[in-house]
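Engineer: no FASTA, just this:
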């Protein structure tokens, strides 16, 4: 090949590369990711002095303490020994946290892509005692949808925020799950998980094994197992050694899973298209039994005896304009799941059941309380309602109701069903409004 031919070939290659570069890169105003390094993430767990509640998420009760998630930041610790005067006693920093569950003195929490175990036996000196790294999907915070999403480099760490700025990047498209403030909810109720041992307080003492969550939970405990669920996958961890959780299994259980409820030896999943039932007869490998299908909508569920109570609501990505309570009758082996009755509601979210008393967080319509002893006449047997709040989720326990809503934390006494009273509140800060 002569010099002239070589020169022409070189020009052609450079032109081609330049053209390729023009095609592969673009510049735009968009959401540029702000990172926390993995090193910082994995050294961040600590206890701080109290913070005001700004963006409350899920709630959890254990041994006279209520743990209130501050979405994506950590957990507020409230001492409710005196229900009329709950005390905010500290804040556990857990970056990227949405869900928790507690067995004995160990708190399990998601922290972005990791599962972390925290010893909370001394709330003044909490300590991280275990961690399973890179177990959960890489998930990003909500972003300004008026602007495009900038490219994410997972090697730099986890995305904790966004900045609107000029972005130059290769033309590639990736999908990342998003931590939505309200689509991750909370629920875990374990039959016999709690026993009262402290007089004069809400109940619970050092002898109780499991805590109790609300109806919007994605974490749950059963025997020596911790179960967590994301939008499509169920993760099973062995926790017989409390400080060293070990992943046993992960399996796909469908799409748009929202909540998980444990009752006796079964898992009940609320999804946008129905309720799934799994058996825990083999704890290390939950097995599918059956499903109840419903119209597309958001769907937490609670269970008591042979009845499942499911609230369906619209809004956000929840599908069509359906707002109702479904009551489902189940036979002993859950092979039959039949709709018993539906009730129209305003915009129901979390719910709880204690004996014959049914609590429903009906969105802007507030908290509604019913006598559910006759499942065919629930709306006709309203016991009380508190309409001037936006209610999100509840935990009923030993005649006390813990509730979280857009206004903050609420504590009710329902020992006298004819005189259900609000005992106390801890409001969200002005910054959170």
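Structural biologist: Received the coordinates, thanks. Here the structure is a predicted model, which means the values were calculated and not measured.
Engineer: from now on I want contacts and neighbour counts done on CA atoms only, so please keep to that.
Structural biologist: Fine.
Engineer: identify the residues contacting the strand or helix carrying residue 341?
Structural biologist: Assigned by DSSP states H and E, residue 341 belongs to strand 337-344. Residues outside strand 337-344 that contact it (Cα atoms under 8 Å, 6 or more residues apart in numbering): 290-292, 323-331, 375-376, 379.
Engineer: and it, which strands flank it?
Structural biologist: Strand pairing for strand 337-344, determined by DSSP bridges: strand 324-330 (antiparallel).
Engineer: returning to what we had before: and the strand holding residue 341, what's buried?
Structural biologist: The neighbour-count check on strand 337-344 (16 or more other Cα atoms under 10 Å) flags 337, 338, 339, 342 as buried.
Engineer: what's the answer for stretch 408-422, then?
Structural biologist: Buried positions in stretch 408-422, judged by neighbour count with 16+ other Cα under 10 Å: 408, 409, 410, 411, 412, 413, 414, 420, 421, 422.
Engineer: all strands of the stretch 1-150 of the chain, in order?
Structural biologist: 25-36, 46-48, 56-62, 65-70, 74-79, 87-93, 100-103, 106-111, 114-119, 127-132, 140-141, 148-149 (DSSP state E, counting those that start in this stretch).
Engineer: just put the ones you listed in TSV and tack on distance to residue 363 and mean neighbour count.
Structural biologist: Listed next are those as TSV, based on distance: least, Cα to Cα, whole Å; neighbours: other Cα atoms under 10 Å:
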stretch	distance to residue 363	mean neighbour count
strand 25-36	31	17
strand 46-48	32	18
strand 56-62	14	27
strand 65-70	19	25
strand 74-79	23	25
strand 87-93	25	20
strand 100-103	23	26
strand 106-111	26	24
strand 114-119	31	23
strand 127-132	36	18
strand 140-141	24	20
strand 148-149	31	18
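Engineer: so can I have JSON lines of the buried residues of stretch 408-422 showing pLDDT?
Structural biologist: Output for the buried residues of stretch 408-422, formatted as JSON lines (pLDDT from 0 to 100):
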{"residue": "408", "pLDDT": "94"}
{"residue": "409", "pLDDT": "96"}
{"residue": "410", "pLDDT": "97"}
{"residue": "411", "pLDDT": "98"}
{"residue": "412", "pLDDT": "98"}
{"residue": "413", "pLDDT": "98"}
{"residue": "414", "pLDDT": "98"}
{"residue": "420", "pLDDT": "97"}
{"residue": "421", "pLDDT": "96"}
{"residue": "422", "pLDDT": "96"}
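Engineer: out of these, which sit inside helices?
Structural biologist: Secondary structure from DSSP state H places none of the buried residues of stretch 408-422 in helices.
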